[in-house]
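Engineer: Predicted model, plus sequence, below.
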Amino acid sequence: MSALALKKLAREVADLRASPDNKRCFNCETLGTTYYVPQYSIFVCTQCSGIHMQFAHRVKSVTLAEYKADEVEHMRQGGNQVAAYRYLARYTPDKDMRKPVDRNPQRIRTWIQTVFMDKRYFSADAPIPRRSTDGAAAAAAAAAAAA
């Protein structure tokens, strides 16, 4: 792959990371995601990436790793919001365990175990809203639907 192609993919990864859905860690909601977990297509912070590695989840740096085109396409199709629709489909914040926003390592480990390993709140058939990466196209589609 050419250096120009790699640079373009790196820019797209940076853009995906900077999107509002991916700015906060999927697990602990810390602002600033530095790693990506391809298996679940989520962006996570440094602390949570280490705990994912303890579960033998593959983790890639968002800024230091090189990404292939198919990996970036997978990122485009996923991200934290899409993962939340699937992995937290049956999650009720008032009744179920709380997200580990206090960054306590044991709580993060328990959260990852519950959400990803045990799949307690998972639903394979959870509806995932379509998203548009082109605001003009979305506006045109909304205008056409209203007409």
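Structural biologist: Done, it's in. Numbering: from 1, shown residues only.

Engineer: max-length helix in the protein?
Structural biologist: helix 3-18 (DSSP state H).

Engineer: State the next helix or strand along the chain beyond it.
Structural biologist: Remark: after helix 3-18, the chain's next helix or strand is strand 35-37, criterion DSSP states H and E.

Engineer: Okay, now the sheet partners of that following strand, with direction.
Structural biologist: strand 42-44 (antiparallel), strand 60-61 (antiparallel) (DSSP bridges).

Engineer: Please state the mean pLDDT value computed over the shortest one.
Structural biologist: I take that to be strand 60-61. When pLDDT is averaged over strand 60-61, the result is 97.

Engineer: likewise the first one?
Structural biologist: Averaged across strand 42-44, pLDDT comes to 98.

Engineer: Buried residues, the helix or strand just after it. List them.
Structural biologist: Going down the chain from strand 42-44, the next helix or strand is helix 46-54, by DSSP H and E. Within helix 46-54, the residues scored as buried using 16 or more other Cβ atoms under 10 Å are 47-49, 51-52. (Each C-beta comes from the backbone N, C-alpha and C, glycine too.)
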